[in-house]
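K.L.:
fold the stuff below for me.
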Amino acid sequence: MPVSYAENDNRGFYIGAGAGEAEQKDACDDAFGSCDDDDFAWKVFGGYKFNQYFGVEGGSVDFGQSEGDALFIDLSNSQIFQATQEVKIDGFFLSGLVAWPISDNFSVLAKLGMIYWDIEFDITDADNFALVGDEDENGTDVFFGLGAQYNFTPGFGVRAEWERFNNIGESEIGTSDIDLISGSMMLNF
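P.N.:
Below you'll find the predicted structure:
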């Protein structure tokens, strides 16, 4: 009698890599003119399955950048100028994972965890392309996600996910929720 993938895949380590699109939900709130709040994103991750229902997962994610035009006031000479603002965000995450097997090869999953994020915020004068300000912030916040996974073999699978990273940022540059939609390939050990 053949062993199903699910029975052979109940516990153990796995690694994966994925790519998709990240949207910084509030990045364009203060924009004056053009604004692009979504970008290519990628992640690498690894985890351990305690059984077919529970696991832990950690990794690194790069959300890309948002870019928009805004009006700024230079208080030193009371001048208003148009500038381009760029926000780049990446981070490290750790989460718990719960999976519900639908069949031997297919399962749906949910995750809840924390992300340590880092933001680089640059303001460039639109007239002379000079950097007029920059800010670097980091912190931790909660994230959660939903997804589905299909294992083609006991050692190889694919995953599709939606993840929401809440309140990324701080008071200096504002906060934004980030939605990440991604597809990943995984190797199970």
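
K.L.:
and the strands in this structure?
P.N.:
Counting by DSSP state E, the chain has strands at residues 12-24, 35-36, 38-49, 54-74, 79-101, 106-125, 131-153, 156-170, 174-188.

K.L.:
how about TSV for the ones you listed, with mean neighbour count and mean pLDDT added?
P.N.:
For every residue, glycine as well, the C-beta is placed using N, CA and C. Shown next, in TSV, are the strands of the chain (neighbours: other Cβ atoms under 10 Å; pLDDT from 0 to 100):
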stretch	mean neighbour count	mean pLDDT
strand 12-24	18	94
strand 35-36	16	68
strand 38-49	18	94
strand 54-74	18	84
strand 79-101	17	86
strand 106-125	17	89
strand 131-153	15	87
strand 156-170	18	91
strand 174-188	18	90
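
K.L.:
hmm, residue 98 and residue 57 touching each other?
P.N.:
No. Using Cβ atoms under 8 Å, residue 57 is not in contact with residue 98, being 11.0 Å away.

K.L.:
pull the contacting residues for residue 40.
P.N.:
Contacts for residue 40 (Cβ atoms under 8 Å, 6 or more residues apart in numbering) come out as 19, 20, 21, 22, 64.

K.L.:
overlap of the contact sets of residue 57 and residue 98?
P.N.:
The contact sets of residue 57 and residue 98 overlap at residue 111 (Cβ under 8 Å, 6+ apart).

K.L.:
just list whatever residues bridge to the nearest residue to residue 42 once chain neighbours are set aside.
P.N.:
Closest residue to residue 42 apart from its sequence neighbours, by Cβ to Cβ, 6 or more residues apart in numbering: residue 19 at 4.6 Å. When bridges are called by DSSP bridges, residue 19 pairs up with residue 42, residue 183.

K.L.:
pretty sure residue 37 sits against residue 65.
P.N.:
No. When contacts are counted by Cβ under 8 Å, residue 37 is not listed as touching residue 65 (9.6 Å).
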